[in-house]
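Trainee: no sequence on this one, just coordinates:
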């Protein structure tokens, strides 16, 4: 059960409507919680809409990042919400399951589920999430696969979804109804 109450979206109907418009017609518990602070909800919506809908980073890598961050931070809400998006972007059930059990910092290439680019992305996510300071060899390994813009977007995606998982878990957000 959530540690603080969800906001009634009728208190901020215009903002709730914009969130619904940008999020496929639904108002997830995450946004119902954010509506407790309209300025934060506005900023969050702007940042996460940019990350999810306006970046050049291929969506498969975005979803790989999101699921990995969710696993590393033990954030089942985040993981559950993004599995359908990951599947839609081409991630296989084998890859999704491999993410669930891959130890932090493990060489993802040691499993047949991930290609070398995915392995480099996963090492980058693990390093950013667990150690914060990314060693040069890990940065060089991943940046060899992405142009500058996509490298910035990859980094922002890791950072943003670490923020998301920490917010969700600190407030004990309830999972979405099935």
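Mentor: Structure received. Everything numeric in this text was worked out from a predicted model, so none of it was measured.

Trainee: residue contacts, the residue nearest the centre of the chain?
Mentor: Nearest to the geometric centre of the chain sits residue 66, at 3.0 Å (Cα atoms, centre = their mean). Taking Cβ atoms under 8 Å, 6 or more residues apart in numbering as the criterion, residue 66 is in contact with 78, 82, 85-86, 157, 161. Heads up, the C-betas are built off the backbone N, CA and C, glycines and all.

Trainee: what is the nearest of the residues you listed to residue 26?
Mentor: residue 85 (13.2 Å; Cβ to Cβ).

Trainee: measure residue 6 to residue 27 for me?
Mentor: 10 Å (Cβ to Cβ, to the nearest Å).

Trainee: now the longest helix anywhere in the chain: buried residues?
Mentor: Longest helix in the chain, counting residues (DSSP state H): helix 148-170. In terms of neighbour count (16 or more other Cβ atoms under 10 Å), helix 148-170 has its buried residues at 150-151, 153-162, 164-165, 167-169.

Trainee: check stretch 8-28 too.
Mentor: 9, 12, 15-16, 19, 23, 27-28.

Trainee: ok now it, how far from the chain's centre?
Mentor: Offset of stretch 8-28 from its chain centre (Cα atoms, centre = their mean, to the nearest Å): 20 Å.

Trainee: what is the mean pLDDT for it?
Mentor: Stretch 8-28 shows an average pLDDT of 91 in the prediction.

Trainee: who touches it?
Mentor: Contacts for stretch 8-28 (Cβ under 8 Å, 6+ apart): 31-32, 35, 38, 41-42, 45, 49, 53, 81, 176.

Trainee: try it again at 6 Å.
Mentor: 31, 35, 38, 45, 49 (Cβ atoms under 6 Å, 6 or more residues apart in numbering).

Trainee: check the secondary structure at residue 3 for me.
Mentor: coil (DSSP: H, G, I helix; E, B strand; the rest coil).

Trainee: related to what we said a few turns ago, is it possible to export the buried residues of stretch 8-28 to TSV including secondary structure and distance to residue 91?
Mentor: Shown next, in TSV, are the buried residues of stretch 8-28 (DSSP: H, G, I helix; E, B strand; the rest coil; distance: Cβ to Cβ, whole Å):
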residue	secondary structure	distance to residue 91
9	helix	31
12	coil	34
15	helix	32
16	helix	30
19	helix	26
23	coil	20
27	coil	26
28	coil	21
